[in-house]
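Student: I would like to see how this sequence folds:
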Amino acid sequence: QVQLVESGGGLVQAGGSLRLSCAASGLTFSNYAMGWFRQAPGKEREFVSAITWDGKGTSYAGSVLGRSTISRDSAKNTVYLQMNSLKPEDTAVYYCGAFKAGDWYRRMSAAAYIYWGQGTQVTSST
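Tutor: Below is the predicted model:
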């Protein structure tokens, strides 16, 4: 079965960096675009970033633009999210998801995502 497994979360001081990883198995990785969402307590899940099936296109929420970089390694079936200059408002559970490559125009909608990981906690403290 399809599995997406996130890792790399943790507690970091404001201004620090983290690299999140999402390892995919059970699917043809090149058939899917990948994305990251986050959900803070009491808030809805929100889009963070996405990358096309071939890695040539990326998209970011305004709140992380300039501070984050999404990438993917097809040899490892893994997508990464490098987050720098973390802020307390970045604190959330971060989820990776997979959606059909042809649905790129729906990348910011959680409804477009077919598979989700279990999430990894990111906490940025002052």
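Student: how far away is the closest residue to Lys43 other than its chain neighbours from Leu18?
Tutor: Excluding its sequence neighbours, the residue lying closest to Lys43 (C-beta to C-beta, 6 or more residues apart in numbering) is Ala92, at 7.8 Å. All C-beta spots, glycine's among them, are computed from the backbone N, C-alpha and C. Distance, Ala92 to Leu18, by C-beta to C-beta, to the nearest Å: 12 Å.
Student: shared neighbours, these two?
Tutor: With contacts taken as C-beta atoms under 8 Å, 6 or more residues apart in numbering, the residues that reach both Ala92 and Leu18 are Val122.
Student: all strands of this structure, in order?
Tutor: In the chain, strands defined by DSSP state E lie at 3-7, 10-13, 18-25, 32-39, 46-51, 58-60, 68-73, 78-83, 92-100, 115-116, 120-125, listed in chain order.
Student: next, the buried residues of the first one.
Tutor: Pointing back at strand 3-7 there. Within strand 3-7, the residues that count as buried by 16 or more other C-beta atoms under 10 Å are Leu4, Glu6.
Student: much appreciated, bye for now.
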